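[1] sharing a sequence plus its predicted fold:
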Amino acid sequence: MKTFSFKKEYRLRLFERFLAIFFLQFFGLSLIGYANDNLSADIKVGLALSGGGARGIAHIGVIMALEENNIPIDMIAGTSMGSIVGGLYACGYSGSEMKDIVNKIDWDSIFNQKPDPKRVLVSKRYGIMEPVFRLRFKLWDIYLPFGLSNGQRISEELFYLTAPANFAAKTNFDSLVVPFRAAAVDIAAAELLSLKQGDLAQAIHASMAIPLLFSPARVDNRMLVDGGVLNILPTDIVKDMGADVIIASDLEGLFPLGEEPKHFADVAIHTLDITIRELKKKNVKLADVLIEPDLGNHSSADYSGLDSLILAGYQATMAKMNEIKSLVPKAQRAHPPSKRRLNDRLINHARVAKISVKGNDRVRTAVITGEFPLKEGDIFSRNRALNGVKDIYATGLFENVWLEPQYLADDLIEINIHVIEKYPRTVGFGLNYRSEEGFNGFVQIVHFNFFGWGERFMPLIRFGELHKRAGLEIVNDRFFATPLTVHNGIYYERDRPYLYDEQGEQTGNLETDRIVAQFSVGVQPSHKLLFTAGLQGERVWQGKNQLLGLPSQTSEYWSSYGKIVFDNTDDRYFPESGIRFILKGKSVVKTNRNGAYFKKFTGEFNLNFSPYSFHTISVNLFAGTSEKELPVYERFRSGGPFDLPGYRRDELWGNRALSIRVSYRFKFFKRWYFRTGFSLANVSDADLNFDNFVRGVSTGLAAASPLGPVSLLYGWSDNGRKQLYFSFGYDF
């Protein structure tokens, strides 16, 4: 019995020990797993986004895939286009929101450094002749641009998108929705910078300032360029920010290894790519997960097919998702990141406490603040602030203009207006060609801002077979920073227009020479509206013309004139929207015995609208009349592809003119257009009636080229007249 009892007790104790060990192991492993899940919450995931130009749009797809799988992004650093995507994400924009943003941007115009046409003063839109080539001087030093584009429009877009979040973060990038760094290089000190505070838009602008393509950006008196010069893939910056797991998206399109260059440009590109490969080797090794979307041969300068780029980024990330999930604890992926919000309430309720101007040397501060709509004491408005930047830039006095809003308190903001002044002297060279007129050119010297008020002194020489001119204009569009405008000038003009018979055959020229002096003042209550009036003196030498029965004579006139202009069109030559209305009147108040008293009135109306993308319809009306017979050199002239298709340019002359035109334009490739139009017009010395109006149609191709508009049109009228028209260059 004792033996049996001893064995039973032994077995029982053995069983108890087994159970104890089992439960200890079970609960111990559970506790360890529980502890690991809780400890894993401290793991920080960092995202590094490379440069790559247009290819960098694929970063958006990378972010969309990470968001979809609840992968947290605790910090982010970007270079060049990577800094744009990373900076917007840090502001609180989701991947899908960024996709909408890049698809709405007009990539054809965002790299254009011309000011927004709607922000240019009406008095200036048609004041300075548009040259094909311009040289700029400071004293005797010639200005050479730092890049093909100054990046002004990109800077404006970035300000609008980032200002609310940057203000809420008190200009500390660590306090954004996601901590952020922008990689940039101090071009003077050859120093790589990781920008972490200040104006977010300007930091991003600096990070994407590709040398030669864009001018360097100014940050804290440093001249900064694209971070890709020294750090194309900023994994080291993410690591320094404290990332435990680093995900890198590399989109730099380098040449395939083993491919030989085919010409000198390939040699230069391959040399640069070799440098980039060597510089980023160590940074590639820092990445725990490297995402390299297959973007094929998509060029870094090609901003078309953006959805396909985003899709490629998404697919490449999804292919690495299991690897990413293995590095990110399940507990962190159990719940999606909290809903991200743009911090726009603070800035929209902040009152402007102070406005400062920085960077101006010769331009008076009053000229700059006069163009800025916000004043001290106003509630901040992002739209008004952005329009103010555009208005200041549209003065033509500055290379760059940007805002730096600074946080003072939740309800107070300080605005720093930064400017980089242009060299104050320019020499412009213009050239155009018109069939029936031949080549015309000009040389115009513009010395502006001599006294600091934005005034312009503009000597001009114009030359051509039919028209010659030499003179000087003195203009101030904002007289002493007020809405007043002043336009004075004196010039000599030689005019030799062709004369035609009823069949359109050239029969000779009219010969006139004149000296004109004009003095005018006006007021511009807005950028779109101008009222002006003035006095004009003329001395005219008219050559003898037997065909017109005109004797040789000299006349002297003093006349008063006035003009009303409203213009909110978005382009001078290819407008897609807006209205232009011009009403002018001229009346002779004094003349010598050879002159004649007369009054002359003209009205022009132009309406443009685009009912569908790439399709534009324009309606144009022109009317001119006079109380008495006009001197021959003052008569209205008409003819050409728009007003009178089939007739030569300025073929018909008369005391009265009327034209009605409806035209259609289709943009079929980038800057190329198909255009056609129908017109009803006539010019006559007698009263006009619709019975003798000429109906005509013109059709052909046009393009917006670097040399100005180019067009090839064919026109014909209902009376059998036909004409081919070719032209290139800006009007002057």
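    It's in.
[2] state the pLDDT value of the residue lying closest to residue 485 once chain neighbours are set aside.
    Leaving aside its chain neighbours, residue 485 sits nearest to residue 522 (4.4 Å; criterion: Cβ to Cβ, 6 or more residues apart in numbering). For every residue, glycine as well, the C-beta is placed using N, CA and C. What the model reports as pLDDT for residue 522 is 96.
[3] helix, strand or coil for residue 522?
    Under the three-state scheme (DSSP: H, G, I helix; E, B strand; the rest coil), residue 522 adopts strand.
[4] oh, and call the first residue 635 from now on, that's how I've got it
    Let's use 635 as the start, then, which means that last one is residue 1156.
[5] just list whatever residues bridge to it.
    On the basis of DSSP bridges, residue 1156 is bridged to residue 1119, residue 1166.
[6] so it makes contact with residue 757?
    Yes - contact criterion Cβ atoms under 8 Å: residue 1156 and residue 757 qualify, at 6.9 Å.
[7] between the two, what contacts are shared?
    Residues touching both residue 1156 and residue 757 (Cβ atoms under 8 Å, 6 or more residues apart in numbering) are 1119, 1121, 1164, 1166.
[8] which two among the residues you listed are spaced furthest apart?
    1121 and 1164 (10.3 Å; Cβ to Cβ).
[9] of these two, who's got more company?
    residue 1164 (24 against 19; other Cβ atoms under 10 Å).
[10] any idea which element the more buried one lies in?
    Here residue 1164 sits within strand 1163-1176, counting by DSSP states H and E.
[11] report the buried residues of the very next helix or strand once past that strand.
    Moving toward the C-terminus from strand 1163-1176, the next helix or strand (DSSP H and E) is strand 1187-1201. Neighbour-count burial for strand 1187-1201 flags 1189, 1191, 1193, 1195, 1197-1201 (criterion: 16 or more other Cβ atoms under 10 Å).
[12] strands paired with strand 1187-1201, and their directions?
    When DSSP bridges is applied, strand 1187-1201 pairs with strand 1163-1176 (antiparallel), strand 1212-1225 (antiparallel).
[13] CA atoms only for it, dumped as CSV, please.
    Provided in CSV are the C-alpha atoms of strand 1187-1201 (Å, rounded to 0.1, in the frame of the first residue of the first chain):
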residue,chain,number,x,y,z
GLN,A,1187,1.4,120.6,-97.2
THR,A,1188,2.3,121.1,-93.6
SER,A,1189,-0.3,121.1,-90.8
GLU,A,1190,-0.1,121.9,-87.1
TYR,A,1191,-2.7,120.6,-84.6
TRP,A,1192,-3.4,120.8,-80.9
SER,A,1193,-5.9,118.3,-79.8
SER,A,1194,-7.4,116.9,-76.6
TYR,A,1195,-8.0,113.2,-76.1
GLY,A,1196,-9.5,110.8,-73.7
LYS,A,1197,-9.6,107.1,-73.2
ILE,A,1198,-11.4,104.5,-71.0
VAL,A,1199,-10.0,101.0,-70.9
PHE,A,1200,-11.3,97.9,-69.1
ASP,A,1201,-9.4,94.7,-69.5
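[14] my read: residue 955 touches residue 704, true?
    No - with contact defined as Cβ under 8 Å, residue 955 does not count as touching residue 704 (10.9 Å).
[15] give me the common contacts of these two.
    By Cβ under 8 Å, 6+ apart, no residue touches both residue 955 and residue 704.
[16] which stretches of the stretch 1235-1366 of the chain form strands?
    Secondary structure of the stretch 1235-1366 of the chain (DSSP state E, counting those that start in this stretch): strands at 1249-1260, 1270-1272, 1286-1288, 1290-1303, 1306-1318, 1328-1339, 1342-1351, 1356-1362.
[17] relative to residue 1134, which of those is closest?
    Comparing the strands of the stretch 1235-1366 of the chain by Cβ to Cβ, strand 1286-1288 comes nearest, at 8.2 Å.
[18] list the contacts for residue 715?
    683, 685-691, 693, 842, 885.
[19] of those residues, which belong to helices?
    residue 693 (DSSP state H).
[20] just the ones in strands from the contacts of residue 715, please.
    Among the contacts of residue 715, the members falling in strands (DSSP state E) are residue 683.
[21] okay if I get the contacts of residue 715 as JSON lines plus distance to residue 922?
    Shown next, in JSON lines, are those (distance: Cβ to Cβ, whole Å):
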{"residue": "683", "distance to residue 922": "15"}
{"residue": "685", "distance to residue 922": "21"}
{"residue": "686", "distance to residue 922": "21"}
{"residue": "687", "distance to residue 922": "26"}
{"residue": "688", "distance to residue 922": "27"}
{"residue": "689", "distance to residue 922": "23"}
{"residue": "690", "distance to residue 922": "21"}
{"residue": "691", "distance to residue 922": "24"}
{"residue": "693", "distance to residue 922": "18"}
{"residue": "842", "distance to residue 922": "26"}
{"residue": "885", "distance to residue 922": "18"}
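[22] brilliant, that's me finished.
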